[in-house]
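[1] one predicted model, sequence on top.
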Amino acid sequence: MRDNSLTEAAHYYAKSDEAARLQTGWFRLEHARTQELILRYLPSAPATIIDAGGGAGVYACWLAERGYSVHLIDPVTKHVEQARAASARQTEHPLASAETGDARHLAHADASADAVLLLGPLYHLVEKEDRLACLREVYRVLRPGGFVWGVAISHFASLFDSLSNGFFDDPAFAPILARDLEDGQHRNPTDNPIYFTDAYFHRPGELSREFLAAGFHVEAVLAIEGPGWLARNFDRLWNDPIQRERLLAAVRKVEKEPSVLGASSHIMAIGKK
C-alpha cells in the first residue's frame, strides 16, 4: 500500500466508529449478509481463522463466540485496542490474539489456518501488486482445502450512493466520482467523511481474476447487499421482521446475477486453496 493511502485510511478510521457503523442504517444488511456468507462455507468449530484487516473485531469476536480460534490483525492501532476490549468482554470465548499488522505479511506459519477473512484489505490496498501480495500471503498460510473471503467495493458504489443520498450534484464530489468511474481509484481530498477515504473500487471480473492469479479456485462471487442498500426508508423496512426476511430472501435470490453484482455496494469473492 502506498504510504499516503495507509495514512489517509488511518486518519479516516481515527475519526469514525467502525464497530458502531455496522449497527446503523443499511450497514445492518451488510453485516447480516457478511455473516451469512461466511457461515455458508466455514468449516465446523473448532478451526483456526485469521481475520486480516479485522477492524474493531466485530466479525472476529462473533466467530470466537461460536467456538473458533480467531487471530485478528489490523494496521490501525485504535481498531486493535477496540478488538482487545471487545474480546475481554466475552471472557468465555476471547480472541486467540489481536495485534497490529499488515495483511501482506502475516505472522503465521505455512498451512496453519483453516480460513482467512479479508473484509477490508482488498479495497484499502489501492495498487494491484499489493492486493496480489496479500492474496498470495493468504494462500501461503491456508491449509489445503482452506477458504478465503475477500470483500471489494463495487466500481459503481459511489455513483449509486451519491444518487440515493443526494450529493451527486455537490461540486466537491464531482471529480471524485469522475475518477471512480474512470479507473476505480477513489480519493477524497475534502474533509467530508461521507466521501470515504483512499480505496480501490473493483469490477466483479477484476476481483475474480485477482483470486485466480494468486492460485485460488473461485467458489463464488456474490453481491453482499445487492440492490437492498438502496431501499427507501431502510430503517422502517429492516425493523419489520417480516419485511426484513423478504429483503434478505430477495437479495439471496439475485446474489449471483452478473447484472446485479455492480449494483451492490460490496462484492464478496470466496476462494478455496
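    That came through, no problem.
[2] give me the pLDDT value at residue 6.
    We have a pLDDT of 63 for residue 6.
[3] again, but for residue 16
    pLDDT, the model's per-residue confidence, is 85 for residue 16.
[4] which one is it nearest to, not counting chain neighbours?
    residue 193 (6.4 Å; C-beta to C-beta, 6 or more residues apart in numbering). C-beta coordinates here come from the backbone N, C-alpha and C atoms, glycine included.
[5] for the one you found, give its distance to residue 204.
    Distance, residue 193 to residue 204, by C-beta to C-beta, to the nearest Å: 27 Å.
[6] for these two, work out which one has more neighbours and name it.
    Neighbours per residue (other C-beta atoms under 10 Å) separate residue 193 from residue 204, with residue 204 holding more: 20 against 12.
[7] and the gap between the more buried one and residue 250?
    19 Å.
[8] so who does residue 60 touch?
    49, 51, 54, 70, 72, 83, 87, 95, 98, 117 (C-beta atoms under 8 Å, 6 or more residues apart in numbering).
[9] and residue 264, what element?
    Residue 264 is part of no helix or strand, with elements assigned from DSSP states H and E.
[10] got it, and residue 44?
    Residue 44 is part of no helix or strand, with elements assigned from DSSP H and E.
[11] give me the distance between it and residue 139.
    Distance, residue 44 to residue 139, by C-beta to C-beta: 22 Å.
[12] neighbour count winner among those two?
    Under the neighbour definition other C-beta under 10 Å, residue 44 and residue 139 were set side by side, and residue 139 has more, 19 against 9.
[13] just the CA trace of the helix or strand containing that one, in CSV.
    Taking DSSP H and E as the definition, one finds residue 139 inside helix 128-141. These are the backbone C-alpha positions of helix 128-141, laid out as CSV (Å, rounded to 0.1, in the frame of the first residue of the first chain):
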residue,chain,number,x,y,z
LYS,A,128,-2.9,-4.3,-7.8
GLU,A,129,0.5,-5.7,-6.9
ASP,A,130,-0.3,-5.1,-3.2
ARG,A,131,-3.6,-6.9,-3.4
LEU,A,132,-1.9,-9.8,-5.2
ALA,A,133,0.8,-9.9,-2.5
CYS,A,134,-2.0,-10.0,0.1
LEU,A,135,-3.8,-12.9,-1.6
ARG,A,136,-0.6,-14.9,-2.1
GLU,A,137,0.2,-14.5,1.6
VAL,A,138,-3.2,-15.8,2.4
TYR,A,139,-2.6,-18.7,0.1
ARG,A,140,0.6,-19.5,2.0
VAL,A,141,-0.9,-19.6,5.4
